[in-house]
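Asker: Give me a model of this one.
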Amino acid sequence: MKLFRRTSQPWPPAWTHDAGAVIWRFLFDGEGRIIGEVRDPERKQAWFFCLRERDGAVIWNDLLLGEPWWVGIEGVDAGRLYLHGYRKPDMPQHLGITAVDIPSGRQLWHNDEYAFVLALHGEVYATRETFGGMQFYRLSAEDGSVAEGLGQDMDRINALRREINEEDIFRGYRYPEPLGEDHPRGEDVSAALRDMVDAGAVRGDVDVLFEPPLLMAAWHEPVQKSKRGKTQNGGSETAADGMGMGAQSPPVLQQRFEARDLTSDRTLYSDIILEAAEAPGMDSFFVKDDQLMYIKNRSILTAHDMNGVPA
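Answerer: Model prediction:
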């Protein structure tokens, strides 16, 4: 965990975690912990971390497995993290399951023969390809051994998937929506955004989340270039671009985030959360329970305390 330094902005992050490379994915285990998958494309290295949700304190970090790159998160259940391997490098099919004890970061077991399907209520379901087709199995969450063969009982698997979908696992999450005619608070938000956003410079949508009186917004805009052909974040134009010759490449975009109190009409926090993007993205921030969260520059998990918004 890295606590954010003091700043003149009224609502700075409560905590940050710099993963040192691209945070490919992160999720919540439902027991107050955040699990993250980090990938370094240049070194072809993947690793995992676990943070305490309320304050970003590191529970464990830099978890490496025997396979340095072809590995990723499948899911979490009942205090266990499940990771997958791949059938072949550069192929999308998953194969192999590794179970990790979340509180300690200790590997519990590994099974090369099966592909993960789902985990629910302390049970692990997997599949294996046979000459007779895909077969399903219930595995022991304790050691990965086969507890029950399910044959090709797709109805049972689908019922379990429906149960997962019906569970209230997303309770407490609030997501931004693109500003448009159908936005539920479109008029209020549009009026405020006129002072926040240069509409002519926006590329793509403006994502907004309004929790009165707090308005949060993120948008993409081209990175401004200096007279010498340098971008503000240090990149360079090509000679052809600088002279107006040759094919024009798309502009580099930066993504801005701003939080404003509409009652006092003051900006509480403003930052560039992505310095170089090739195209506009979406869903770049969200609120879970009492924390606003986003990943800054692809590698820094950032949280603001919704209970600490200045009055």
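
Asker: Where does L301 fall, secondary structure wise?
Answerer: Using DSSP states H and E, L301 maps to strand 300-305.

Asker: and that strand, how far from the chain's centre?
Answerer: 12 Å (CA atoms, centre = their mean, to the nearest Å).

Asker: Against which helices or strands is it packed?
Answerer: The contact analysis (3 or more CB pairs under 8 Å, 6 or more residues apart in numbering; DSSP states H and E) places strand 300-305 against strand 15-18, strand 291-296. To be clear about C-beta, it is placed using only N, CA and C from the backbone, and glycine gets the same treatment.

Asker: now the shortest one: mean pLDDT?
Answerer: For strand 15-18, the mean per-residue pLDDT is 98.

Asker: model confidence over the top helix by length along the chain, on average?
Answerer: Secondary structure of the chain per DSSP state H: the longest helix is helix 154-166. Here helix 154-166 scores 93 as its mean pLDDT.

Asker: Likewise for stretch 282-299?
Answerer: 95.

Asker: So for it, first residue to last residue, what's the gap.
Answerer: 17 Å (CA to CA, to the nearest Å).

Asker: Run me through the strand neighbours of the strand holding L301, direction for each.
Answerer: Under the criterion DSSP bridges, strand 300-305 sits next to strand 15-18 (antiparallel), strand 291-296 (antiparallel) in its sheet.

Asker: ok, which stretches of the protein are helices?
Answerer: So, for the chain - with DSSP H - the helices run 154-166, 186-196, 239-243.

Asker: now these in a markdown table, with distance to E53 and mean neighbour count?
Answerer: A markdown table is the format used below for these (distance: least, CB to CB, whole Å; neighbours: other CB atoms under 10 Å):
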| stretch | distance to E53 | mean neighbour count |
| --- | --- | --- |
| helix 154-166 | 21 | 12 |
| helix 186-196 | 29 | 15 |
| helix 239-243 | 45 | 12 |
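
Asker: Quick one: closest of those helices to A46.
Answerer: Smallest distance to A46 across the helices of the chain (CB to CB): 25.2 Å, for helix 154-166.

Asker: Which pLDDT does the model give the closest residue to V287 other than its chain neighbours?
Answerer: Spatially, and ignoring its direct neighbours in sequence, V287 is nearest to R174 (4.3 Å; CB to CB, 6 or more residues apart in numbering). Turning to R174, the model gives it a pLDDT of 94.

Asker: Check whether R174 really touches F286, as I assumed.
Answerer: Yes - the pair R174 / F286 is scored as a contact, 6.5 Å apart, by CB atoms under 8 Å.

Asker: and for those two, which residues touch both?
Answerer: By CB atoms under 8 Å, 6 or more residues apart in numbering, R174 and F286 have these common neighbours: L209.

Asker: Can you list the buried residues in stretch 34-48?
Answerer: 34-40, 46-48 (16 or more other CB atoms under 10 Å).

Asker: scratch that, stretch 271-287 is what I was asking about
Answerer: For stretch 271-287, the neighbour count (16+ other CB under 10 Å) marks 271-277, 280, 284-287 as buried.

Asker: and the two most separated of those?
Answerer: The distance between the two most remote of these (CB to CB) is 25.8 Å, for A276 and V287.

Asker: ok, back up a step: out of the buried residues of stretch 271-287, which sit inside strands?
Answerer: Within those, residues falling in strands by DSSP state E are 271-277, 285-287.

Asker: The closest residue to S145 other than its chain neighbours and H220, how far apart?
Answerer: Excluding the flanking residues, the one nearest S145 by CB to CB, 6+ apart is L139, at 6.7 Å. L139 is 44 Å from H220, where distance means CB to CB, to the nearest Å.

Asker: And R25, by the same measure?
Answerer: 22 Å.

Asker: More neighbours: these two, which one.
Answerer: H220 (24 against 13; other CB atoms under 10 Å).

Asker: Kindly state the beta-bridge partners for that one.
Answerer: R203, Q255.

Asker: Then I300?
Answerer: Bridge pairing for I300 - DSSP bridges - gives D18, K296.

Asker: What I need now is the buried residues of stretch 271-287 written out in JSON lines, including distance to P13 for each item.
Answerer: Converted to JSON lines, those look like this (distance: CB to CB, whole Å):
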{"residue": "D271", "distance to P13": "9"}
{"residue": "I272", "distance to P13": "14"}
{"residue": "I273", "distance to P13": "11"}
{"residue": "L274", "distance to P13": "15"}
{"residue": "E275", "distance to P13": "17"}
{"residue": "A276", "distance to P13": "21"}
{"residue": "A277", "distance to P13": "21"}
{"residue": "P280", "distance to P13": "24"}
{"residue": "S284", "distance to P13": "15"}
{"residue": "F285", "distance to P13": "12"}
{"residue": "F286", "distance to P13": "15"}
{"residue": "V287", "distance to P13": "14"}
